[in-house]
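In: output the structure for:
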Amino acid sequence: MLIRLAAAGTLLVGAVLAAVTPAAAATACDVVYTVNQWSTGFTADVRVTNNGAPINGWVVTWAFTGNQQVTNGWNAQVTQSGSAVRAAAPSYNTTLATGASTGFGFQGTYSGTNTAPASFALNGVTCNGAPPPTTTPPTTPPTTPPTTPPTSTPPNPGGCTSGARCDGFEGTQADWAVTYPDCSGVGKAVFDTAVAHGGGTSLRIDGAAGYCNHVFVRNTALLPAAGSALFVRYWVRHTTALPAAHVTAIALRDANDGNRDLRFGGQNGALQWNRASDDATLPEQSPAGVALSAPLPVGAWNCVEFKVDGRDGTMQTWLNGTSVPGLLEDGVPTHDIDGQWLNRTWRPALTDLRLGWESYGEGADTLWYDDLAVGTTRAGC
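Out: Residues are numbered from 1 along each chain as shown. As a prediction, this is how the structure comes out:
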């Protein structure tokens, strides 16, 4: 879905990407609003650029014209009262220099038409068309607290917790080996110095459609000792929405399951876990089960975290700091979520971590991975 916010507030709806056409004269701020939606829900990526004086403590506000309701947010404290929405700077990202940009996102629900907001404001100054004010805008956000607390607060934003093993592909590339399970095709894995989340390098995967085009890079040095809880955090950016068909982006070899893979990817347009030994899925692939998962937003860096506990087989997955209900396996069978997954006792012993792309017929994508943290406690985004 293409949404272009022009200088005069004109709304254009098209197909894939979002952009902003700036006014001929300098504007106080510019906002790019990118939506990825499905029948009753959507995710939105908001990127704001400050063209005025430096800001310490930013707040972005807007109003929905429909019945949209924000359900959770990331990289900002996103709250809603009626149609009005307020996104306040998190404690770890409060400043915006002149010309600097920042981004945040949220997930929401709607019915009918999901029309984009007509305008945005940065600390009360209208963006996309309004010139910078002659007086300096506020340097701190309004003192009125949000009407509700943040949906999720990562335990250590952006950090690498004590005891974790971290890898941003900066000088540690020898730990990664390219592998082509079963057969080799046109899938490619390269270290990319043009695109990165942190530092100057990321891992780029060109994943082609077709079963034999899968490609992964494998690491055995990052994982803690078998038999403990494994927490993995990584940042990923990709270009194509998850397809209806099954795809895998993360694979982990399970020594307790005949060396078959525990796989994390997607199906029916949403994130999904899959166990290769019996093809069980989390969540179950019913419409209700899929609705309890979430799509992976395109065109932006996303923080993905997951826990796999070898002691009791429980699992949990977070997307941009928020736990995904359909990707939670708590050991108690829940219809539409983990009933199928718990049809047998499963105590994984994971021996490697592979990043890449595997399609089982349909689905091609280009992905970038960066800033991994692996340990026995959650690292956060």
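
In: what's the first-to-last distance across stretch 62-70?
Out: End-to-end distance for stretch 62-70, by CA to CA, to the nearest Å: 12 Å.

In: so which bits of that stretch are buried?
Out: Across stretch 62-70, burial judged by 16 or more other CB atoms under 10 Å covers 62, 64, 68, 70. Glycine gets a C-beta too; all of them are placed from N, C-alpha and C.

In: now do stretch 285-294
Out: Quick answer for stretch 285-294 (16+ other CB under 10 Å): 285, 289-294.

In: just give me how far it sits from the chain centre.
Out: 18 Å (CA atoms, centre = their mean, to the nearest Å).

In: likewise stretch 192-209?
Out: Distance, centroid of stretch 192-209 to centroid of chain: 15 Å (CA atoms, centre = their mean).

In: over to stretch 213-227?
Out: 21 Å.

In: got it, and stretch 66-83?
Out: In terms of CA atoms, centre = their mean, the centre of stretch 66-83 is found 17 Å from the chain centre.

In: for that stretch, how far is the first residue from the last?
Out: 8 Å.

In: and the contacts of that stretch?
Out: Stretch 66-83 is contacted by residues 41-42, 60, 63-65, 85-90, 93, 102-115, 146-152, 303, 319-322, 381 when judged by CB atoms under 8 Å, 6 or more residues apart in numbering.

In: out of these, which are buried?
Out: Looks like the contacts of stretch 66-83 have 41-42, 60, 64, 85-90, 102-108, 110, 114, 150-152, 303, 319-322, 381 buried, using 16+ other CB under 10 Å.

In: now, the contacts of stretch 66-83 that are in strands?
Out: 41-42, 60, 63, 85-88, 102-109, 303, 319, 322 (DSSP state E).

In: in the sheet, who's paired with the most centrally placed residue in the chain?
Out: Geometric centre of the chain, nearest residue: Asn302, 2.7 Å, by CA atoms, centre = their mean. Asn302 forms beta bridges with Val236, as assigned by DSSP bridges.

In: tell me which residues touch it, please.
Out: By CB under 8 Å, 6+ apart, the neighbours of Asn302 are 235-237, 296, 319-320.

In: can I get those residues in a markdown table with distance to Arg275 and pLDDT?
Out: Shown next, in a markdown table, are the contacts of Asn302 (distance: CB to CB, whole Å; pLDDT from 0 to 100):
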| residue | distance to Arg275 | pLDDT |
| --- | --- | --- |
| Trp235 | 25 | 97 |
| Val236 | 21 | 97 |
| Arg237 | 27 | 97 |
| Leu296 | 20 | 96 |
| Leu319 | 20 | 97 |
| Asn320 | 25 | 96 |
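
In: need the max-distance pair from the residues you listed.
Out: Arg237 and Leu319 (13.5 Å; CB to CB).

In: worst mean pLDDT across the helices and strands of this structure, which element?
Out: Every helix and strand of the chain was ranked by mean pLDDT, DSSP states H and E. The lowest is strand 11-13, at a mean of 29.

In: picking up where we left off before, in a markdown table, list the buried residues of stretch 285-294 along with distance to Pro243 and pLDDT.
Out: Shown next, in a markdown table, are the buried residues of stretch 285-294 (distance: CB to CB, whole Å; pLDDT from 0 to 100):
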| residue | distance to Pro243 | pLDDT |
| --- | --- | --- |
| Gln285 | 13 | 94 |
| Gly289 | 17 | 94 |
| Val290 | 13 | 95 |
| Ala291 | 17 | 95 |
| Leu292 | 19 | 96 |
| Ser293 | 14 | 97 |
| Ala294 | 15 | 97 |
